[in-house]
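>>> When you get a sec, could you give me coordinates for this:
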Amino acid sequence: MHFLRISASFVVLAFISFVCASHTPQISFAEELPSEPQWPGKKIVILVDETPVGFINYAQLNSSFGWYALYELFIHPEYRSNGYAKELIKHTCDTLVKSGARKIFIQPGPFELGDQGQIIEIEDRAERLKNLVRLYSGSGFAPASKWLRVIAVPMYKIAGIPENPDYLMVFSV
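Numbers count the residues shown, from 1 in each chain. Below you'll find the model as predicted:
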């Protein structure tokens, strides 16, 4: 009978691989003011193992109706496809609902933020929009009806948030 020899270094590497692969990242959130003074509302930052990896801004559109808008969703490219955007959206919606939100709007934008916060146009806009609509739909948002768009668009302008009424989506409580 032959026995397989396993070196000590192999065992150590296997153990390290197992530990690293089984690490569950710790997700937390922090609220702050948006980095640009002209942007209304607040920003919620998602942290993974205490490292900021993304953010979303929100602003109240109408206090009487309990309407809010989410905008400027960003997850650092190295952290995408891990569910962090969905976690951030869920946390933000939960926070706003606890504050009295009845409708929360979001609109997918075909752009990306650069390292210095500058807007970079995306070449494949259709694919980008399709992916964002899928993300938002999976987070409980649905396309806004025509009458909701007619009412929400002026509120976006009053709040100073750039809007894209063709792709406006809503989360209703």
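
>>> Sort out which residues of the helix or strand hosting R128 are buried, please.
Assigned by DSSP states H and E, R128 belongs to helix 125-138. With burial defined by 16 or more other Cβ atoms under 10 Å, the residues of helix 125-138 counted as buried are R128, L129, L132, V133, L135, Y136. In this view, the C-beta of every residue, glycine as well, is placed from N, C-alpha and C.

>>> ok, those vs N62, which is closest?
Closest approach between the buried residues of helix 125-138 and N62, by Cβ to Cβ: Y136, at 20.6 Å.

>>> Isn't that closest one up against K90?
No - with contact defined as Cβ atoms under 8 Å, Y136 does not reach K90; the gap is 11.4 Å.

>>> D49: which of the buried residues of helix 125-138 is nearest?
Among the buried residues of helix 125-138, L135 lies closest to D49 (Cβ to Cβ), at 22.7 Å.

>>> Now that closest one. Nearest residue, chain neighbours left out?
Nearest non-adjacent residue to L135, counting by Cβ to Cβ, 6 or more residues apart in numbering: A85, 6.0 Å away.

>>> ok but the one you found is inside a helix, no?
Yes - counting by DSSP: H, G, I helix; E, B strand; the rest coil, A85 is located in a helix.

>>> Pull the number of nearby residues for it.
23 (other Cβ atoms under 10 Å).

>>> Show me what the helix holding R128 is packed against.
Contacts defined by 3 or more Cβ pairs under 8 Å, 6 or more residues apart in numbering; DSSP states H and E place helix 125-138 against helix 84-98, strand 169-172.
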